[in-house]
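**Student:** I'll drop the sequence and a predicted model, then ask my questions.
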Amino acid sequence: MPDLGTGARFSGDGKLDMLMDVKLRVKIELGRTRMLVEDVLKLGEGSVVELDKLAGDPVDVYVNDRLIARGEVLVLNDNFCVRVSEVLNRDPHRIGSA
């Protein structure tokens with residue numbers, strides 16, 4: 001993943017240098033909903049599932065299932081991407097822990 005800013009850089013004594021190549025699972029959550037089993041079984045191509053967020057609301061950014069940021073969905077070269085607008089926890093020691 002390319003470096004898109006200085007927010008993820010760590011300075012100091014280099015204790016985290018050996019961890020910089022560790023891959024973490026990053027998940028972007030657009031929204032959530034609850035459905036009855038009956039309604040899930042009716043889903044098919046073209047079905048529309050309403051989510052709990054409005055168009056334009058910030059999406060949640062999770063690292064290893066921990067909410068760490070919020071951002072806005074963009075399209076860049078025909079791919080979806082997220083511009084981080086708010087970092088919720090800047091403590092690098094907590095990012096990898098579940």
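**Tutor:** That came through fine. Numbering: from 1, shown residues only.
**Student:** is the residue most central in space within the chain bridged to anything, and to what?
**Tutor:** Using Cα atoms, centre = their mean, the residue of the chain that lies closest to the mean C-alpha position is residue 61, 2.3 Å off. Per DSSP bridges, the residues bridged to residue 61 are residue 28, residue 69.
**Student:** what about it, distance to residue 68?
**Tutor:** Separation of residue 61 from residue 68 (Cβ to Cβ, to the nearest Å): 6 Å. Every C-beta, even on glycine, is put in place using the N, C-alpha and C of the backbone.
**Student:** now the residue of the chain most remote from its centre: phi and psi?
**Tutor:** Ranked by distance from the centre of the chain (Cα atoms, centre = their mean), the top residue is residue 38, with 29.7 Å. Main-chain torsions, residue 38, degrees, to the nearest 10: phi -50, psi -40.
**Student:** need the contact list for it.
**Tutor:** Not one residue lies near residue 38 by Cβ atoms under 8 Å, 6 or more residues apart in numbering.
**Student:** now the helices for this protein?
**Tutor:** Here the chain has its helices, by DSSP state H, at 37-41, 92-95.
**Student:** mean confidence for the shortest one?
**Tutor:** The one in question is helix 92-95. Regarding helix 92-95, the rounded mean pLDDT is 56.
**Student:** the residue lying closest to residue 80 once chain neighbours are set aside and residue 39: what is the separation?
**Tutor:** Once flanking residues are discounted, residue 80 sits nearest to residue 73: 6.1 Å by Cβ to Cβ, 6 or more residues apart in numbering. Computed with Cβ to Cβ, the distance linking residue 73 and residue 39 is 26 Å.
**Student:** do the same with residue 67
**Tutor:** From residue 67 to residue 39 the distance is 27 Å (Cβ to Cβ).
**Student:** can you check residue 50 too?
**Tutor:** Per Cβ to Cβ, residue 50 is found 11 Å from residue 39.
**Student:** okay, now the unreliable bits of the chain?
**Tutor:** 1-13, 90-98 (pLDDT under 70).
**Student:** do I have it right that residue 69 meets residue 59?
**Tutor:** No: between residue 69 and residue 59 there is no contact under Cβ atoms under 8 Å: 9.4 Å.
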